[in-house]
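**Student:** sequence unknown, structure follows:
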């Protein structure tokens, strides 16, 4: 098994497949999961969802929590097996109860939406909480949202802010945006425009269109940052270029309102900055 694991860790894919295949056929659950993953992604072998499911199942039936989660994913998506939400729930639950944070989040989503399970906000919170407590940013954001709006739990801005902070500290753009909004409004935290602008900027720099629009507004109004129409125009422009049809008119209107206060050279500079801008990766 060491040669298989070492090849995987070194990302020597061809070698790893060759080393792990015999072990998988001998019943090694870890190797079976790895082989399933290769067929799932088509990495080094032709993509074959049915083969992926076969190996995931063999591994999951031996208690591999990651294989159980991936098998749940295949049933949820109908890849390699007929779509079956009940089976997805079954494998997600087995994985989540064994400590898989991704599976716990997936269960939370299913209970929240009522897909494959009767809609149940308290059950959604239960699984989001399990995922969040294990450090999964998506689970933390979703749990924060439940507390923000009082869905399945008593409404608590303080609790919502706590979970948004945890997600934001991991570089999650939605967590950053949500925390920025909370600092702007003084929800669950002391109102602080400087902190608000800080978190909007982090979301904006990752390319989140709402974060870009909110940061633009801060520059336009001089809240939390020095007033700067050039940067306001730049961020509104970037936000508009990434916005869907619902928000696009509002963001182009806001950009044009700022442009009306600018000189042609300032507009040209803002456009140049927007063209040169590149998103940063989450840490």
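**Tutor:** Yep, that arrived. Here the structure is a predicted model, which is why all the values come from computation and not from measurement.
**Student:** contacts, neighbours, all on C-alpha from now
**Tutor:** Will do.
**Student:** Please name the residues that touch residue 29.
**Tutor:** Residues in contact with residue 29 (C-alpha atoms under 8 Å, 6 or more residues apart in numbering) are 58-60, 62-64.
**Student:** Which other helices and strands does the helix or strand residue 196 falls within contact?
**Tutor:** Element membership for residue 196 (DSSP states H and E) is helix 193-205. In terms of contacts (3 or more C-alpha pairs under 8 Å, 6 or more residues apart in numbering; DSSP states H and E), helix 193-205 is packed against helix 173-185, helix 209-221.
**Student:** I'd guessed residue 109 sits against residue 125; true?
**Tutor:** No - taking contacts as C-alpha atoms under 8 Å, residue 109 lies outside contact range of residue 125: 9.4 Å.
**Student:** Settle it for me: which of the two has more neighbours?
**Tutor:** More crowded of residue 109 and residue 125, by other C-alpha atoms under 10 Å: residue 125, with 28 against 21.
**Student:** Residue 254 is nearest to which of the helices and strands packed on helix 193-205?
**Tutor:** helix 209-221 (8.3 Å; C-alpha to C-alpha).
**Student:** neighbouring contacts of the helix or strand following that closest one?
**Tutor:** Next in sequence after helix 209-221, counting helices and strands by DSSP H and E, comes helix 229-242. Residues outside helix 229-242 that contact it (C-alpha under 8 Å, 6+ apart) are 208-210, 212-213, 215-220, 247-248, 251-252, 254-255, 258-259, 261-262, 266-267, 269-271, 273-274.
**Student:** Could I get the contacting residues of residue 212?
**Tutor:** Residues in contact with residue 212 (C-alpha under 8 Å, 6+ apart) are 200-201, 203-205, 235-236, 238-239.
**Student:** Quick one: these as a markdown table, columns for neighbour count, distance to residue 194 and pLDDT too.
**Tutor:** Output for the contacts of residue 212, formatted as a markdown table (neighbours: other C-alpha atoms under 10 Å; distance: C-alpha to C-alpha, whole Å; pLDDT from 0 to 100):
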| residue | neighbour count | distance to residue 194 | pLDDT |
| --- | --- | --- | --- |
| 200 | 29 | 10 | 98 |
| 201 | 24 | 11 | 98 |
| 203 | 31 | 15 | 98 |
| 204 | 27 | 15 | 98 |
| 205 | 20 | 16 | 97 |
| 235 | 31 | 17 | 98 |
| 236 | 31 | 19 | 97 |
| 238 | 25 | 22 | 97 |
| 239 | 28 | 21 | 97 |
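**Student:** now this protein, which segments are flagged as low pLDDT?
**Tutor:** 1-16, 282-283 (pLDDT under 70).
**Student:** So for it, the centremost residue is which one?
**Tutor:** Centroid-nearest residue in the chain, with C-alpha atoms, centre = their mean: residue 138, separated by 5.1 Å.
**Student:** tell me the phi and psi of that residue?
**Tutor:** Main-chain dihedrals, residue 138, degrees, to the nearest 10: phi -60, psi -40.
**Student:** Over to residue 246?
**Tutor:** Residue torsions, per degrees, to the nearest 10, at residue 246 are phi -70, psi -40.
**Student:** Pull the number of nearby residues for it.
**Tutor:** 8.
**Student:** Next: residue 99.
**Tutor:** The local packing of residue 99 (other C-alpha under 10 Å) involves 16 other residues.
**Student:** Need the contact partners of the helix or strand containing residue 147.
**Tutor:** Under the criterion of DSSP H and E, residue 147 resides in helix 137-149. Contacts with helix 137-149, where a contact means C-alpha under 8 Å, 6+ apart, come from 105, 125, 128-129, 131-133, 152-157, 159-164, 166-168, 170, 172, 174-175.
**Student:** Of the residues you listed, which belong to helices?
**Tutor:** Counted as lying in helices by DSSP state H, out of the contacts of helix 137-149, are 105, 125, 128-129, 131-133, 157, 159-164, 166-168, 174-175.
**Student:** Of those residues, keep whichever come out buried.
**Tutor:** With burial judged by 16 or more other C-alpha atoms under 10 Å, the buried subset of the ones in helices among the contacts of helix 137-149 is 105, 125, 128-129, 131-133, 157, 159-164, 166-168, 174-175.
**Student:** how close does residue 266 get to residue 238?
**Tutor:** Residue 266 sits 16 Å away from residue 238 when distances are taken as C-alpha to C-alpha, to the nearest Å.
**Student:** same question, residue 36
**Tutor:** Distance of residue 36 to residue 238, given as C-alpha to C-alpha: 40 Å.
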